[in-house]
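Asks: Sequence below, structure please.
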Amino acid sequence: MHHRSKSMELSSPINETWKLCTYGSFVGCLLLIFLVSHNQQDANISTARTTMTSFSDQFIVKGSAAPTTTTSTTNYNKLESSNSSRVVAAAAAVTDHDHKLQLPEIKDTTSNSINIDVVVGVDAAVHDDQKESVAVEESPPTSNLSNSRRMAANTTTKEEYYDCNIFEGRWVYREEEGPYYNSKMCPFLEEKMSCQDNGRPDHDYEKWVWENPHCNIPRFNGIDMLERMRGKRVIVVGDSLNRNQWESLACLIYSSIPSSTALVDAKGHTYKVLKAKDYDVTVEFYWSPFLVDLDLNHESGSKVLVLDKLSPNSAQWRGADVMVFNSGHWWIHLGKLKAWDLLQYEGELMQEMKIELAYEKALKTWAKWINENVDTKKTSVFFRSISPEHKGEQWCYNSTQPITDESYKKIYPTKMTNIIEKQILGMGSSTVRYLNITKLSEYRRDAHPSVFRNKKWKIMVQRYKRLLGSFSDCSHWCLPGLPDTWNRLLYASLFFHPPSTDQVA
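Replies: Numbers count the residues shown, from 1 in each chain. Take a look at the predicted model:
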């Protein structure tokens, strides 16, 4: 009995120990399962995070947020970033088919007999092996209010702009920026320039800002310009592209002041004028596509372009305080679009002359008039460079984003551009300044009216389906739009950018 009792006493602690070991093992297993599960989840999360990081690195331009593509009526890429800015000169990883409006896919069948040249990249262009964006200082957000209500006066001094070429740079997309004005605010705009009124559904083309990473370019300020120009007169002389620029400048000013204080006469195509009464400032447009005289009533009975006689309306140019000239596109019109039958120089009529030679003689006639009739100490004279068209491979039809490939080919003859630049250089920047908008405009295939030149564009697209290369306007520019940038650079050149820093190239 005593032996049995002793045995029971020994087995009881052993049973208790066994129970504790069993319980501990069970708890340990649970902990082990939990830890294994937790580690596996961490591993999955880590793997997912690594995968996402790798994926993002492939599509995000360094220093920018990834663009998101949205599918809507206009089906174009919304380029976004955390600070609503993106550099796109040539660095954006986008493809043409991502930026099409829902219009019929049609190739440009227009023939072009003009020699083509490869575009040389600008300072801002980023090659395929250099897809890094440069940090850009963000400008304050603005709204669609008029300039007078939403623009602070520019405080940058001239010294800050010295040795800065404002015509070199890059296009930056700013979602918050928006245009300077709404086209409905300017009832005098031509129908073919009023793209939004005509039904163009996209707006991104209005939100690209021209910037130079090496200096500040002031925003256009209508009130500031009027204050600086009190009692003065601005004239814009040239073809329909300069009329495009005049309409932009007139609207920039008109939207800055109460409409009751402005007088506008823009019914005609050959002469237009805006007057800001409170400032006694007038802005005029004179039609003169050649700058020299196109005599439609010549004694020969033919239409004669007189190369050594300035345009008859040059008598009205005298006395202006700011002059902006251009001439180019009408010289290269061929066939039925050619404006003259004969050329005349030094009294001699001729049927044939190389266009480049005729153009050079005409520009020399214009330069002689400037030297003899304009006091350049009192008058600022500008010659605007060629405004590019977008046809052929870079057709503007159905396009909503700028060109990002700087290797595309332009169609305007380089020889003509060289003649302009040679003439301007020969006159000196103190006499005539070069408003060099060609390079920055070449990227903006998206900013033309295209088929939205007309309110009945839907009907026209169907009617001229096989002739859309001719119907689509890929020469002029939507307003608001690219010409506002031209005038912003004119404004900067007049008041902030010294003549010695102008560059011809």
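Asks: Any figure for the gap between Asn216 and Arg228?
Replies: According to C-beta to C-beta, to the nearest Å, Asn216 stands 18 Å off from Arg228. In this view, the C-beta of every residue, glycine as well, is placed from N, C-alpha and C.
Asks: Of these two, which one has the most company?
Replies: Applying other C-beta atoms under 10 Å to Asn216 and Arg228 shows that Asn216 carries more neighbours, namely 17 against 14.
Asks: backbone phi and psi for the more buried one, please?
Replies: Per-residue torsions, Asn216: phi -90, psi 140 (degrees, to the nearest 10).
Asks: and it, what pLDDT?
Replies: In this model, Asn216 is scored at 88, pLDDT.
Asks: likewise the one 5 residues further on?
Replies: Predicted confidence (pLDDT) for Asn221: 98.
Asks: That one against Leu494, yeah?
Replies: No - here Asn221 does not reach Leu494: they are 11.8 Å apart, not a contact under C-beta atoms under 8 Å.
Asks: higher neighbour count, the two?
Replies: Using other C-beta under 10 Å as the criterion, Asn221 and Leu494 rank with Asn221 on top: 22 against 17.
Asks: helices and strands of the chain: which one bottoms out on pLDDT?
Replies: Using mean pLDDT, DSSP states H and E, strand 117-118 stands out as the lowest-scoring helix or strand of the chain, at a mean of 28.
Asks: which residues does the residue nearest to Cys186 when sequence neighbours are not counted contact?
Replies: Counting by C-beta to C-beta, 6 or more residues apart in numbering, Cys251 is the residue found nearest to Cys186 once chain neighbours are left out, at 3.9 Å. Contacts for Cys251 (C-beta atoms under 8 Å, 6 or more residues apart in numbering) come out as Tyr181, Ser183, Met185, Cys186, Phe188, Leu189, Leu479, Pro480.
Asks: Any chance of a markdown table for these, columns secondary structure and distance to Lys422?
Replies: What follows is the contacts of Cys251, written out as a markdown table (DSSP: H, G, I helix; E, B strand; the rest coil; distance: C-beta to C-beta, whole Å):
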| residue | secondary structure | distance to Lys422 |
| --- | --- | --- |
| Tyr181 | coil | 37 |
| Ser183 | helix | 38 |
| Met185 | helix | 41 |
| Cys186 | coil | 37 |
| Phe188 | coil | 37 |
| Leu189 | coil | 35 |
| Leu479 | coil | 32 |
| Pro480 | coil | 34 |
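Asks: Narrow these to those that are buried.
Replies: Neighbour counting by 16 or more other C-beta atoms under 10 Å classes Tyr181, Ser183, Cys186, Leu189, Leu479, Pro480 among the contacts of Cys251 as buried.
Asks: Could you identify the least confident member of the residues you listed?
Replies: Ser183 (90).
Asks: so how far does stretch 437-456 reach from one end to the other?
Replies: Its first and final residues considered, stretch 437-456 spans 31 Å by C-alpha to C-alpha, to the nearest Å.
Asks: which stretches of the stretch 101-250 of the chain form strands?
Replies: Along the stretch 101-250 of the chain, the stretches classed as strands by DSSP state E, counting those that start in this stretch are 117-118, 170-174, 208-211, 233-238.
Asks: can the ones you listed go into a markdown table with extra columns for distance to His269?
Replies: Output for these, formatted as a markdown table (distance: least, C-beta to C-beta, whole Å):
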| stretch | distance to His269 |
| --- | --- |
| strand 117-118 | 32 |
| strand 170-174 | 31 |
| strand 208-211 | 29 |
| strand 233-238 | 13 |
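Asks: I'd say Leu468 and Trp457 touch.
Replies: No - under the criterion of C-beta under 8 Å, Leu468 is not in contact with Trp457, lying 10.7 Å apart.
Asks: Ser430 versus Ser380, what's the distance?
Replies: With the distance defined as C-beta to C-beta, Ser380 ends up 10 Å from Ser430.
Asks: Looking at the two, which one has more neighbours?
Replies: When Ser380 and Ser430 are compared for neighbours, Ser380 comes out ahead with 19 against 11, by other C-beta under 10 Å.
Asks: hey, what's the more buried one bridged with?
Replies: When bridges are called by DSSP bridges, Ser380 pairs up with Val322.
Asks: Which pLDDT value goes with it?
Replies: 97.
Asks: Pass me the low-pLDDT residue ranges in the stretch 51-200 of the chain, would you?
Replies: Residues of the stretch 51-200 of the chain meeting the criterion pLDDT under 70: 51-163.
Asks: whoops, I mixed them up, the stretch 351-500 of the chain
Replies: Residues of the stretch 351-500 of the chain that meet the criterion pLDDT under 70 lie in 406-411, 500.
Asks: mind listing the helices for it?
Replies: Assigned by DSSP state H, counting those that start in this stretch, the stretch 351-500 of the chain shows helices spanning 355-373, 414-427, 438-442, 457-463, 468-471, 482-495.
Asks: Flag every buried residue along the shortest one.
Replies: Read that as helix 468-471. Buried-residue list, helix 468-471, by 16+ other C-beta under 10 Å: Leu468, Gly469, Phe471.
Asks: same check, this time on the second one
Replies: Neighbour counts using 16+ other C-beta under 10 Å place Met416, Thr417, Ile419, Ile420, Glu421, Gln423, Ile424, Met427 of helix 414-427 among the buried residues.
Asks: Going by distance to Glu176, which of those wins?
Replies: Taking C-beta to C-beta as the measure, Glu176 lies nearest Thr417 of the buried residues of helix 414-427, at 35.6 Å.
Asks: Model confidence at Pro13, what's the number?
Replies: pLDDT, Pro13: 46.
Asks: hmm, back to that, for the strands of the stretch 101-250 of the chain, which one sits closest to Val461?
Replies: So among the strands of the stretch 101-250 of the chain, strand 208-211 is nearest, using C-beta to C-beta, at 25.4 Å.
Asks: by contact count, what packs against the closest one?
Replies: strand 170-174, helix 482-495 (3 or more C-beta pairs under 8 Å, 6 or more residues apart in numbering; DSSP states H and E).
Asks: Remind me what the shortest one packs against, helices and strands.
Replies: Other helices and strands packing on strand 170-174, by 3+ C-beta pairs under 8 Å, 6+ apart, are strand 85-87, strand 208-211.
Asks: what are the pairing partners of it, and which direction each?
Replies: Applying DSSP bridges, strand 170-174 is found paired with strand 85-87 (antiparallel), strand 208-211 (antiparallel).
Asks: so who does Trp369 touch?
Replies: Taking C-beta under 8 Å, 6+ apart, we find Trp369 in contact with Leu310, Ser314.
Asks: For Trp317, see how far away it is.
Replies: Computed as C-beta to C-beta, the Trp369 to Trp317 distance reads 8 Å.
Asks: Neighbours of Ser450, how many?
Replies: Ser450 has 27 neighbouring residues, counting by other C-beta under 10 Å.
Asks: Beta-bridge partners for it, please?
Replies: Beta-bridge partners of Ser450, as defined by DSSP bridges: Asp473.
Asks: quick revisit: okay if I get the contacts of Cys251 as JSON lines plus distance to Lys275?
Replies: Formatted as JSON lines, the contacts of Cys251 follow (distance: C-beta to C-beta, whole Å):
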{"residue": "Tyr181", "distance to Lys275": "18"}
{"residue": "Ser183", "distance to Lys275": "21"}
{"residue": "Met185", "distance to Lys275": "17"}
{"residue": "Cys186", "distance to Lys275": "15"}
{"residue": "Phe188", "distance to Lys275": "13"}
{"residue": "Leu189", "distance to Lys275": "17"}
{"residue": "Leu479", "distance to Lys275": "20"}
{"residue": "Pro480", "distance to Lys275": "22"}
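Asks: Which one of the residues you listed is nearest to Gly199?
Replies: Among the contacts of Cys251, Ser183 lies closest to Gly199 (C-beta to C-beta), at 12.1 Å.
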